[in-house]
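Q: Below is the structure, and that's it, no one-letter string:
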């Protein structure tokens, strides 16, 4: 009966595992549609109310002027009585049909007001449908528009909202209302001046400012001292978007990593200042976003789930839920992801969203945390011009909030190029060619005799010049290597020794440029000498040791938090990780059911082949179990940490809690740890038929699975996937072979006791031989004596197995925070 129930449950999970999440997403989508419709109706009603109010005010002023001119020669109407008549609305109620909206425009009225009234008069019938019954209501609306319109919007919502039975979320309604207002404002003035006015008048919240300045920033590889970035000086200002461009090998990504504190395997010289102070960028980790070049996203989560997890973990805990909903919904809206918000991102095996949409989701993960400083490594690669323009518009809105944005890109279109504020142009070798405003670059290159041809995209022309493919008109002997020297001379920077030869080619007299002959060499510069093979070998070994030590020391280095943002603590992040991992496992439940099916077949085969006998006490079946069951459980447990390794590195670099991540992973795996022994024993126990009870076998098998899963964590974290799988196969076999050796003394005994199989077999055998008595006493004592087992050590064996599992998890967590530290920066 138990077997039938388990098989039925496996088939049910395999067939209907994803239906629960799909139904839940449909219900959320209906609630979201209702909220969007309600917000849209409310915003349109508010806009119509505004037009009616302004038209009525203009009509009131016009009537006042007409009556004042008409009765200026007659004193029969006192000013006080006239004001009372206007205040009571007598003129409006009596003359509403006499003075239509199209006739109240006077010559002395502003031209803009005349145009607006003409537009309103075209839809006069629609406006009067929502016009107040009297001007007393209009005065109430002027005092408090939201309260005056509340009854109308409720009636409108009830009349038009479909009866789906889903409650409209207040947070969603608030978010969609704000988005609709922003859309309405964007229609008023689309110029740059209008955008700035919207930012100031309509309350685009500014964020903490981060200004980044750098002086003589240089990088050289640790091993051979090769320079990959040379003497870059400049600054990145808040509220501006800077583009980093250059040919391949110019050090664009290296420059970005140096500013973001992610440069590894090299020596960094020069100074980097944050808000005028020489501080580490890691002190502002909570408000600094970094978009990697690769799309590192969880493929088994939807677009909205990915964005929401990043927002919940990285936004301030003091932020209201309504504001968090607004941040996420605005990111989805501005990035054009509405149509795929409920679609899985997808993996290599599972089809998901398109490549361009993945790229936008990759950017959205950083936008939803509201950064003050944002680095992007080639966010437009693989995108068409329309998608790139959509992405730049989203970044432009972030810049209006005071965000400092720096991004690497390749040869943008002219429309895209004009949307940037600053440009960092690098030549091959990491030498700066230009660093300044975009609108001044043509003037600067014109001073060097480089004129941009008509109908040629300037970024394309830059790349051709820097590559040496194209020569400027009238300069057939032009050398692109002098461009960095010209820039240093133009800005008055000191020219390094190795560039002085190129400086001489410019033809500028050395007297006009004070060249510091005593310029000290960079700390990373290594003199080239004739060295032997042994010296080169030991130098490389020492460089690798220094690199490893730098990564390890960075793991334990503490930086002062200067971001002034309090993110969720350990317990909240643990809950968020637990919810996300459980959802991922639920979507991968078919793989889990396949693991259970393999365990059923394995248990049946081993139970039939190694049926327990009274002479052998079931040792043969338990020996096979100590090999097969750990092997299957360890192979399956490798997926826990190896599949989302890249995602963890990115989240760890963003400052998320690694302990919460590890414990959440292990907590979700406890379900498999509890179920897998039950599945295996449902076949093995009834086919093998040992004398020990099912409960005793279950407790021993449970301790075994807990132990080997912890060992698998170490392999998954510390080793590559191929090596981890190989070790997961070898460890059960080698451990069982060592544990089945005859009782020995010395080093071999300590080696046997250090294997989990020795304590596993003892627990199985002791639980079995306790059921033998009488004539079987001699045989029982004989097998215990030969193997060195004791009847009263059953609890001790279980404790040792659990202790092995706990120690293995501690080692795995230590590997998690110590290995691959350069990727977690």
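A: Perfect, I can see it now. Remember, predicted model here, so these are calculated numbers, not experimental data.

Q: mind listing the helices in the stretch 551-700 of the chain by residue range?
A: For the stretch 551-700 of the chain, helices defined by DSSP state H, counting those that start in this stretch occupy the ranges 570-587, 589-609, 619-637, 639-642, 645-653, 658-688, 694-718.

Q: which other helices and strands contact the shortest one?
A: In this structure, helix 639-642 packs against helix 658-688, helix 694-718, with contacts taken as 3 or more Cβ pairs under 8 Å, 6 or more residues apart in numbering; DSSP states H and E. In short, each C-beta sits where N, CA and C put it, glycine included.

Q: looking only at pLDDT, what's the mean for that helix?
A: Taken as a whole, helix 639-642 has a mean pLDDT of 91.

Q: Also the first one?
A: This predicted structure assigns helix 570-587 an average pLDDT of 92.

Q: what angle sits between it and helix 645-653?
A: Relative orientation of helix 570-587 and helix 645-653, computed by axes from the mean of the first three to the mean of the last three Cα atoms, to 10 degrees: 160 degrees.

Q: buried ones in helix 570-587?
A: 573-574, 576-578, 580-581, 583-587 (16 or more other Cβ atoms under 10 Å).

Q: Repeat that for the shortest one.
A: With burial defined by 16+ other Cβ under 10 Å, the residues of helix 639-642 counted as buried are 639-642.

Q: can you check the fifth one too?
A: The neighbour-count criterion (16+ other Cβ under 10 Å) identifies 647-653 as the buried residues of helix 645-653.

Q: Which member of the residues you listed is positioned nearest residue 818?
A: Lowest distance from residue 818 to the buried residues of helix 645-653 (Cβ to Cβ) belongs to residue 652, with 11.9 Å.

Q: Of the buried residues of helix 645-653, just say which sits nearest to residue 387.
A: Closest approach to residue 387 among the buried residues of helix 645-653 (Cβ to Cβ): residue 650, at 22.2 Å.

Q: Now that closest one: closest residue in space that isn't a chain neighbour?
A: residue 296 (4.9 Å; Cβ to Cβ, 6 or more residues apart in numbering).

Q: For the one you found, what are phi and psi?
A: phi -90, psi 90 (degrees, to the nearest 10).

Q: show me the contacts for it.
A: Shown in contact with residue 296 (Cβ atoms under 8 Å, 6 or more residues apart in numbering): 362, 646-647, 649-650.

Q: One more: residue 717?
A: Residues near residue 717 by Cβ under 8 Å, 6+ apart: 641, 812, 815-816, 819.

Q: and if you look at residue 703?
A: 760, 763, 798, 801-802, 805 are the contacts of residue 703 under Cβ under 8 Å, 6+ apart.

Q: and these, which of them are in helices?
A: The members of those that map onto helices under DSSP state H are 760, 763, 798, 801-802, 805.

Q: Top of those by number of neighbours, please.
A: Most neighbours among these, by other Cβ atoms under 10 Å: residue 760, with 30 neighbours.

Q: so which of the contacts of residue 717 would you say is closest to residue 562?
A: Nearest to residue 562, judged by Cβ to Cβ, of those is residue 816 at 26.6 Å.

Q: and the angle from the host helix or strand of that closest one to helix 645-653?
A: Per DSSP states H and E, residue 816 falls inside helix 794-818. Taking the same axes, to 10 degrees, one finds helix 794-818 and helix 645-653 inclined to each other by 70 degrees.

Q: For helix 794-818, name the packing helices and strands.
A: Packing contacts for helix 794-818, counted by 3+ Cβ pairs under 8 Å, 6+ apart, involve helix 533-555, helix 658-688, helix 694-718, helix 756-769.

Q: same thing but at 6 Å, please
A: If you count contacts as 3 or more Cβ pairs under 6 Å, 6 or more residues apart in numbering; DSSP states H and E, helix 794-818 packs onto helix 658-688, helix 694-718, helix 756-769.

Q: Tabulate the ones you listed (a markdown table), appending mean pLDDT.
A: Formatted as a markdown table, the helices and strands packed on helix 794-818 follow (pLDDT from 0 to 100):
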| stretch | mean pLDDT |
| --- | --- |
| helix 658-688 | 92 |
| helix 694-718 | 94 |
| helix 756-769 | 85 |
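
Q: can you put the helices and strands packed on helix 639-642 in TSV and add distance to residue 49?
A: Listed next are those as TSV, based on distance: least, Cβ to Cβ, whole Å:
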stretch	distance to residue 49
helix 658-688	49
helix 694-718	60
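
Q: tell me which residues of stretch 690-710 are tucked away?
A: Buried residues in stretch 690-710, counted by 16+ other Cβ under 10 Å: 690, 692, 696-710.

Q: what's the answer for stretch 294-305, then?
A: Of the residues in stretch 294-305, 295-305 count as buried by neighbour count, 16+ other Cβ under 10 Å.

Q: First-to-last residue distance for that stretch?
A: 19 Å (Cα to Cα, to the nearest Å).

Q: Distance check, residue 250 against residue 410.
A: Between residue 250 and residue 410 the distance is 11 Å, computed by Cβ to Cβ, to the nearest Å.

Q: The two: who's more crowded?
A: Comparing residue 250 with residue 410 by other Cβ under 10 Å, the one with more neighbours is residue 250, at 26 against 14.

Q: So the more buried one belongs to a strand, correct?
A: No: counting by DSSP: H, G, I helix; E, B strand; the rest coil, residue 250 is not part of a strand but coil.

Q: Give me the spatial nearest neighbour of it, chain neighbours excluded.
A: Closest to residue 250 by Cβ to Cβ, 6+ apart is residue 426, at 4.1 Å.

Q: wait, that neighbour sits on residue 249?
A: No: counting by Cβ atoms under 6 Å, residue 249 is not a contact partner of residue 426; they are 9.6 Å apart.

Q: Please identify which of the two sits among more neighbours.
A: residue 426 (27 against 13).

Q: next one: phi and psi at that one?
A: Backbone dihedrals for residue 426, given as degrees, to the nearest 10, come out at phi -110, psi 140.

Q: Repeat that for the one 5 residues further on.
A: When quoted as degrees, to the nearest 10, the phi and psi of residue 431 stand at phi -90, psi 140.

Q: Run a quick neighbour tally on the residue lying closest to it once chain neighbours are set aside.
A: Leaving aside its chain neighbours, residue 431 sits nearest to residue 484 (3.5 Å; criterion: Cβ to Cβ, 6+ apart). Residue 484: 28 surrounding residues under other Cβ under 10 Å.

Q: What does the pLDDT read for residue 484?
A: In this model, residue 484 is scored at 84, pLDDT.

Q: For it, list the residues it contacts.
A: Residues near residue 484 by Cβ atoms under 6 Å, 6 or more residues apart in numbering: 427, 431, 433.

Q: Repeat the analysis, applying 10 Å as the threshold.
A: 230-232, 425-434, 466, 495-496, 499, 502-503 (Cβ atoms under 10 Å, 6 or more residues apart in numbering).

Q: and it, which of the three is it?
A: helix.

Q: Return the subset of the buried residues of stretch 294-305 lying in helices.
A: Counting by DSSP H, the part of the buried residues of stretch 294-305 found in helices is 303-305.

Q: which of those residues lies closest to residue 170?
A: Of those, the one sitting nearest to residue 170 (Cβ to Cβ) turns out to be residue 304, at 18.4 Å.
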